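Trainee: coords please:
(4 chains)
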2 protein chains.
Amino acid sequence: METRGQRSGRTGRPPRLSQEAILLAAQRILDTEGPERLSMRRLAREMSSTAMALYHHVQDKDELLLLLLDAHARRYPRPVLPSEPRTRLLAAAQVLHDLLADCPWIVEVLSFDDFVSESALWVVESIVDAAVECGMPLEDAVYAYRVIWHYTTGELAIRASRERVRSRAERPEYREHALELLDSVDFPRLNAVGRRWAGLTARDDHRKGLEAVVAGLLEQKTQAVGVAADAVRARPCC
Amino acid sequence: METRGQRSGRTGRPPRLSQEAILLAAQRILDTEGPERLSMRRLAREMSSTAMALYHHVQDKDELLLLLLDAHARRYPRPVLPSEPRTRLLAAAQVLHDLLADCPWIVEVLSFDDFVSESALWVVESIVDAAVECGMPLEDAVYAYRVIWHYTTGELAIRASRERVRSRAERPEYREHALELLDSVDFPRLNAVGRRWAGLTARDDHRKGLEAVVAGLLEQKTQAVGVAADAVRARPCC
DNA sequence: ACCTGAACACCGTTCAAGT
DNA sequence: ACCTGAACACCGTTCAAGT
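Mentor: Below you'll find the model as predicted:
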């Protein structure tokens, strides 16, 4: 937890780079030039160093990105969640989304169904806990977390992808044309939506969607309890 | 729609490459070596040609990937969907997932909230249509499609990411350790899950999750209708 | 029209050497 | 211990030239 190079004896020259400085520079590039410009080489240039010097402070690029997420999560203000379980489940899920919304690029590097980063674990804990307090068995609560996680990730990945395309090239006519050419016999509904599609899909409805997902999960729980109760009655013990 | 080089006069030599042959070779690489190995250069090598020759048959790599998805969707057998609206909504959503499950790599290239490819549009139409027949106004049906889309995409992106990590390096101890180190005071729920986490999150619960999402969306609809009805009563006309 | 070779402007990472 | 330079093995794409 000490800043490196502070306590060390006078062996060798003081390090020019540090993990902290690297993360700061990386975040600067992320903010000013976007995630697609963040490379080890570009980062080294930003620090007037060489790409290889970075590898003395981070294992590889993936670790760098995870450290960036971790730092972001550590900075993120930890909100007070409502006490009523269902509202808390929804609120915690919203926090998960909001926390990651600032760095949707991270989705590409996250391999999980694992958790996010250590600093964001409290969000996962909150979600699972709220789900349990809603009456779910622990395993179902984990499953509920996963559904929420998939939904959240999906929204973020699409947002990131949309931004990537937008920044790469402006070709707005392409998709709009596709919508005009729709056969109204084969595609009556999409045809009825027509040009409104773009407007409808651009809206930020994450919250509303989250409400639906949470509601669905809780409804499923109720049914499952019913089924479980029946099963217990049928086969009294084991 | 004619195979190129068939009807053309005897101007120039016959083309060695064709879009069809390119897509076939690309699919071969995808199947045998995985999506991360599919590059324009690798593809050219596969065809004993040069990377630049490919650019006479596809605009760029993105178009290549979209064409691959399109071809896959065209091959995909179009199932008969159940007629009951709610079951149909669920079934159509499942088809969307299954269709894309064979090529999760495509998620990285899809910018949408737009639709998939033209050949898969019927799935989108089915979902929106089923949602409408469940009693949703058209705009809500599009919104329902988006929620389903986000959920599906999220699951696929995570699956793709997991496969990517698995193929890149086997480091299973890393995350397992993290789970042991959890503070049982700060993280009672995650602590209780403990080692079971990996097993729980590896399960394929997409169907069950989809049921929850669909149920939640339909429940929301019911409430919205209630609210809308109230609103109508309050302000009779306009 | 179709294809090639060389080039541009990049990547992440390894390795041997320097201080 | 910390950093550098050169190298390895790649990318997608452009451009001018060939047949």
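Trainee: A:Thr87 in helix, strand or coil?
Mentor: Using DSSP: H, G, I helix; E, B strand; the rest coil as the criterion, the local structure at A:Thr87 reads helix.
Trainee: what's around it, how many residues?
Mentor: Counted with other CB atoms under 10 Å in any protein chain shown, the neighbours of A:Thr87 add up to 13. No exception for glycine: its C-beta is placed from N, CA and C like everyone else's.
Trainee: In space, not sequence, find me the middle residue of chain A.
Mentor: Closest to where the C-alpha atoms of chain A average out (CA atoms, centre = their mean) is A:Leu100, at 4.2 Å.
Trainee: who does the helix or strand where that one lies touch, helix- and strand-wise?
Mentor: Assigning secondary structure by DSSP states H and E places A:Leu100 in helix A:85-101. The helices and strands touching helix A:85-101, judged by 3 or more CB pairs under 8 Å, 6 or more residues apart in numbering or on different chains; DSSP states H and E, are helix A:121-133, helix A:138-168, helix A:206-234.
Trainee: I'd like those laid out as CSV, including mean pLDDT and distance to B:Thr152.
Mentor: Formatted as CSV, the helices and strands packed on helix A:85-101 follow (pLDDT from 0 to 100; distance: least, CB to CB, whole Å):
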stretch, mean pLDDT, distance to B:Thr152
helix A:121-133, 96, 21
helix A:138-168, 86, 7
helix A:206-234, 75, 13
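Trainee: does A:Pro77 sit in a helix, a strand or a coil?
Mentor: coil.
Trainee: so what's the backbone phi/psi at it?
Mentor: Main-chain dihedrals, A:Pro77, degrees, to the nearest 10: phi -60, psi 130.
Trainee: Skipping adjacent residues, who's closest to the residue in chain A that DNA strand D sits nearest to in space?
Mentor: DNA strand D sits closest to A:Arg16 of chain A, with a gap of 3.1 Å, by CB to the nearest atom of the strand. Leaving out its chain neighbours, the residue that sits closest to A:Arg16 by CB to CB, 6 or more residues apart in numbering or on different chains is A:Ser49, at 6.7 Å.
Trainee: Can you tell me the SS state at that neighbour?
Mentor: A:Ser49 ends up coil, using three-state DSSP.
Trainee: Kindly provide the distance from it to B:Ala202.
Mentor: 41 Å (CB to CB, to the nearest Å).
Trainee: And for A:Pro77?
Mentor: 33 Å.
Trainee: More neighbours: these two, which one.
Mentor: Under the neighbour definition other CB under 10 Å, A:Pro77 and B:Ala202 were set side by side, and B:Ala202 has more, 10 against 6.
Trainee: okay, the more buried one: pLDDT?
Mentor: For B:Ala202, the pLDDT comes out at 80.
Trainee: Same check on A:Arg196?
Mentor: For A:Arg196, the pLDDT comes out at 88.
Trainee: mind listing what it touches?
Mentor: Taking CB atoms under 8 Å, 6 or more residues apart in numbering or on different chains, we find A:Arg196 in contact with B:Glu139.
Trainee: which parts of the helix holding A:Leu100 are buried?
Mentor: Neighbour-count burial for helix A:85-101, counted by 16 or more other CB atoms under 10 Å in any protein chain shown, picks out A:85-86, A:88-97, A:99-100.
Trainee: need the residues you listed in CSV with pLDDT and distance to B:Met136, can you?
Mentor: Converted to CSV, the buried residues of helix A:85-101 look like this (pLDDT from 0 to 100; distance: CB to CB, whole Å):
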residue, pLDDT, distance to B:Met136
A:Pro85, 97, 28
A:Arg86, 96, 24
A:Arg88, 98, 28
A:Leu89, 98, 24
A:Leu90, 97, 22
A:Ala91, 98, 26
A:Ala92, 98, 28
A:Ala93, 98, 23
A:Gln94, 97, 24
A:Val95, 97, 29
A:Leu96, 95, 27
A:His97, 96, 24
A:Leu99, 94, 31
A:Leu100, 93, 29
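Trainee: Pick the one among these closest to DNA strand C.
Mentor: For those, the nearest to DNA strand C is A:Leu100 (21.1 Å; CB to the nearest atom of the strand).
Trainee: I figured the closest one hits A:Thr152, correct?
Mentor: Yes. With contact defined as CB atoms under 8 Å, A:Leu100 reaches A:Thr152; the gap is 6.8 Å.
Trainee: Distance check, A:Arg75 against A:Leu68.
Mentor: A:Arg75 is 11 Å from A:Leu68, by CB to CB.
Trainee: I should have written A:Asp129 there, sorry.
Mentor: 27 Å.
Trainee: Got the confidence number for A:Asn191?
Mentor: 90.
Trainee: which secondary structure element contains it?
Mentor: Assigned by DSSP H and E, A:Asn191 belongs to helix A:188-193.
Trainee: what does that helix contact?
Mentor: With CB under 8 Å, 6+ apart as the criterion, helix A:188-193 contacts A:179, A:182-184, A:197, A:200, B:115, B:121, B:124-125, B:128-129, B:132, B:138, B:141-142.
Trainee: The same query, at a cut-off of 10 Å, please.
Mentor: Contact partners of helix A:188-193, identified using CB atoms under 10 Å, 6 or more residues apart in numbering or on different chains, comprise A:178-180, A:182-185, A:187, A:197, A:199-201, B:115, B:121-122, B:124-133, B:138-139, B:141-142, B:145.
Trainee: how far out from the middle of the chain is that helix?
Mentor: 32 Å (CA atoms, centre = their mean, to the nearest Å).
Trainee: now swap in stretch A:118-134 and tell me
Mentor: The answer for stretch A:118-134 is 15 Å, by CA atoms, centre = their mean.
Trainee: Show me which parts of it are buried, residue by residue.
Mentor: A:119-134.
Trainee: List, out of those residues, those positioned next to DNA strand C.
Mentor: The subset of the buried residues of stretch A:118-134 lying close to DNA strand C, counting by CB under 7 Å from any atom of the strand, is empty.
Trainee: Send me the helix holding A:Leu100 as PDB with only the CA atoms.
Mentor: Only the C-alpha atoms of helix A:85-101 are listed here, as PDB (Å, rounded to 0.1, in the frame of the first residue of the first chain):
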ATOM      1  CA  PRO A  85     -35.700  -6.000  -0.300                       C
ATOM      2  CA  ARG A  86     -37.400  -5.600  -3.600                       C
ATOM      3  CA  THR A  87     -36.600  -1.900  -4.000                       C
ATOM      4  CA  ARG A  88     -33.100  -2.700  -2.900                       C
ATOM      5  CA  LEU A  89     -32.700  -5.400  -5.500                       C
ATOM      6  CA  LEU A  90     -33.700  -2.900  -8.200                       C
ATOM      7  CA  ALA A  91     -31.500  -0.200  -6.800                       C
ATOM      8  CA  ALA A  92     -28.500  -2.400  -6.500                       C
ATOM      9  CA  ALA A  93     -28.900  -3.600 -10.100                       C
ATOM     10  CA  GLN A  94     -29.200   0.000 -11.200                       C
ATOM     11  CA  VAL A  95     -25.900   0.800  -9.300                       C
ATOM     12  CA  LEU A  96     -24.200  -2.100 -11.100                       C
ATOM     13  CA  HIS A  97     -25.300  -0.600 -14.400                       C
ATOM     14  CA  ASP A  98     -24.400   3.000 -13.500                       C
ATOM     15  CA  LEU A  99     -21.000   2.000 -12.200                       C
ATOM     16  CA  LEU A 100     -20.100   0.200 -15.400                       C
ATOM     17  CA  ALA A 101     -21.800   2.700 -17.700                       C
END
